[in-house]
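Trainee: Structure of the sequence below:
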Amino acid sequence: MLTGIGIASIKQIQTKSQIVFACIPLFFAIQQFNEGLVWVSFTNPFNPELNLYAKYGFLIFSQIIWPLWIPIAMVMVENKGERRKIQRVFVAIGITESLYQFYCMLNYPAHAEILGHHIYYHIDHPDTFKYLEPAFYIAAIIVSPFFTSVRKMWLVGMAILISCIITVIFFQHYTVSVWCFFASIISMSVYFIMRKIRMSPNSYLKEPRASIKS
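Mentor: As a prediction, the model looks like this:
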């Protein structure tokens, strides 16, 4: 389903600046495919090699790629100069968060196991940035969509925010896995916006960008 939404979103692309944003559902599809392999790796007999590759394949997306990809997508589709400056701040935050997560993934063990019918991911982090790091992650992924002039982009921010709240309240110990499960909702909002931009580019993008065909 996510792959289908991803292909449909990519077909709506009209300018090069929309590519990063339109690819979000397809990236979610790749991420969730990796988590499907994590589930498969737990079957009898347990496949530790598959578990290792699939686990890190999933975590690279959830912990490293998204904090950087979402702000970059926002700054790419943004046309207003003052809003682009704000979005660049979120890109800097995303770069910092992604580099930090990359460092932790290289230097600290990551563990995945089935608990309570969910996959529980445990990634060790230094205690020094225990409270600051989540703020950077939230700013890059949740807050940045609310600071763009592209109409209806707030739907992406709301989809991410609501899914995060639901996950934290009801699935606190499985946030990494369950939050990403809501990717289908976020992906639908991406397709919806891409569709609207294609149908009414002048009302959604104030300054038309160069065509993808150019």
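Trainee: residue contacts, the residue nearest to the spatial centre of the chain?
Mentor: Nearest to the geometric centre of the chain sits Trp66, at 3.8 Å (C-alpha atoms, centre = their mean). Residues near Trp66 by C-beta atoms under 8 Å, 6 or more residues apart in numbering: 140-141. Any C-beta I mention is one placed from the backbone N, CA and C, and that applies to glycine too.
Trainee: host element of it?
Mentor: helix 66-77 (DSSP states H and E).
Trainee: How about Tyr137?
Mentor: Assigned by DSSP H and E, Tyr137 falls within helix 132-138.
Trainee: Now tell me what touches the next helix or strand after that helix from outside.
Mentor: Moving toward the C-terminus from helix 132-138, the next helix or strand (DSSP H and E) is helix 154-170. Helix 154-170 is touched from outside by 138, 141-146, 174-175, 178-179, 182, 185-186, 188-190, 192-193, with contacts defined as C-beta under 8 Å, 6+ apart.
Trainee: quick one: buried residues of helix 154-170?
Mentor: Across helix 154-170, burial judged by 16 or more other C-beta atoms under 10 Å covers 154-161, 163-164, 167.
Trainee: And stretch 1-8, by the same measure?
Mentor: Within stretch 1-8, the residues scored as buried using 16+ other C-beta under 10 Å are 2, 5-6, 8.
Trainee: circling back: out of the contacts of helix 154-170, which are buried?
Mentor: With burial judged by 16+ other C-beta under 10 Å, the buried subset of the contacts of helix 154-170 is 138, 141-145, 174-175, 178-179, 182, 186, 188-190, 192-193.
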